[in-house]
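Undergrad: Can you look at this prediction? I've put the sequence above it.
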Amino acid sequence: MIFLDPYAPHILTAKEQHLEKLFPIVKKRVNDLPTGELKTFLNEARIKRILTDLPKDLSYHHYSLLYAITGVNTTEWKDYLRIKKKRAKNRNTAENHVFDRYKELIFNINSIFKYKGSFGKKETEYSTYDLANSLNIQTCVYCNRIYTKTVINPNKITRPEFDHWYPKETYPLLALSFYNLIPSCHICNSSVKGSIEMNTTDFLHPYIKEDTNLKFSYWIKGLNQYKFQIKRIPNSKEDNTIKAFKLEEIYETHKDEIHDLVNLRKLYSVDYLVKLRGLLSKVDQKISNEEIYRLAFGTSLDEKDFQKRPLSRMKRDILEELGMLND
């Protein structure tokens, strides 16, 4: 997990643009609704908060909606989510009544906070490509294994996927919420996490910085064979998040990186970095420790820059364990 500072200047700028571009669109869609409870609920202040509130405040709007609309409630909402996964022919009469009662409400919400077919389309004036370009997050926030760079010139070519941390199927009101759109790779967004229902009590959120107790480590499995381990406290937020994204299993595919780092430790020890500094200082006397580290290992040393290079967190932890990063 890479933590993102919600108050970093470029992220605040991206959020302001997100609100500026989407608010008039969402407001117009609400204005086009017939008079009723949903239209009353989605006043201008509410729309702005849904689009820009911090992660811990977002679920409040979902539950407030269920209290504000006559004929729906939080208990039955869970039933609806279960029922809608069934084929129509497999639903009983009571289930059909529940499904029909929520169907129009969900249709209206999805037409207002429209992700697919609108914000998610590259042809849209302000789209996921523009958000990705503004955020400029260069590796997957969840796994830090895969580049997620954005290319928009001369055309919108590639961008990260955006994971809805609160799944849009469960929380349709939050489909366009800025802090609910997490830049990620396809594996973490679709293949692994899918629609797992997250919450800020049991899981780590990229925009909520916490002092985490986790560390990439390894153990020797055999001659020149290594196995990954992510040390953490069982049943903690860290543990739940690692399991949700299957990070230990996925990082097993990078055992060759451990092999290379261990060999580097055997061959050069800390002298490797000292000698490299000596060589590079002949070209640039002001070269920093961070630059030497990046050139030597192809990753970032400072935690705030982990998102710039794949495997930065893993390599930093393993190199510390090997004693390669002594002052």
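TA: Yep, it's here.
Undergrad: what's downstream of whichever strand or helix holds residue 19, the next helix or strand?
TA: For residue 19, the element it lies in under DSSP states H and E is helix 9-31. Counting by DSSP H and E, the next helix or strand C-terminal to helix 9-31 is helix 37-41.
Undergrad: What residues of the one helix or strand in the chain whose mean pLDDT sits lowest count as buried?
TA: The helix or strand of the chain with the poorest confidence is helix 271-281; it has a mean of 74 (mean pLDDT, DSSP states H and E). Within helix 271-281, the residues scored as buried using 16 or more other C-beta atoms under 10 Å are 273, 276, 277. Every C-beta, even on glycine, is put in place using the N, C-alpha and C of the backbone.
Undergrad: got it, and stretch 58-65?
TA: Burial within stretch 58-65, assessed by neighbour count using 16+ other C-beta under 10 Å, is assigned to 58, 59, 61, 62, 65.
Undergrad: Could you do stretch 70-89 as well?
TA: 72, 77, 80, 83, 84.
Undergrad: what sits against residue 60?
TA: residue 53 (C-beta atoms under 8 Å, 6 or more residues apart in numbering).
Undergrad: quick one: it and residue 49, what's the gap?
TA: Taken as C-beta to C-beta, to the nearest Å, the spacing of residue 60 relative to residue 49 amounts to 9 Å.
Undergrad: go on, residue 136?
TA: Residue 136 is 25 Å from residue 49, by C-beta to C-beta.
Undergrad: hang on, residue 232 packs against residue 217?
TA: No: using C-beta atoms under 8 Å, residue 232 is not in contact with residue 217, being 10.3 Å away.
Undergrad: Of the two, which one has the most company?
TA: Neighbours around residue 232 and residue 217, counted as other C-beta atoms under 10 Å, are more numerous at residue 232. The numbers are 19 against 16.
Undergrad: how much space is there between the more buried one and residue 317?
TA: 12 Å.
Undergrad: Now for these two: what residues contact both?
TA: residue 215.
Undergrad: ok, and for stretch 253-263, which residues are buried?
TA: Buried, per 16+ other C-beta under 10 Å, within stretch 253-263: 254, 257, 258, 261, 262.
Undergrad: ok, and what's touching it?
TA: Contacts for stretch 253-263 (C-beta under 8 Å, 6+ apart): 145, 218, 224-228, 297, 311, 314-315, 318-319, 322, 324.
Undergrad: Measure how far that stretch is from the centre of its chain, please.
TA: Here stretch 253-263 shows a centroid-to-chain-centroid distance of 26 Å under the convention C-alpha atoms, centre = their mean, to the nearest Å.
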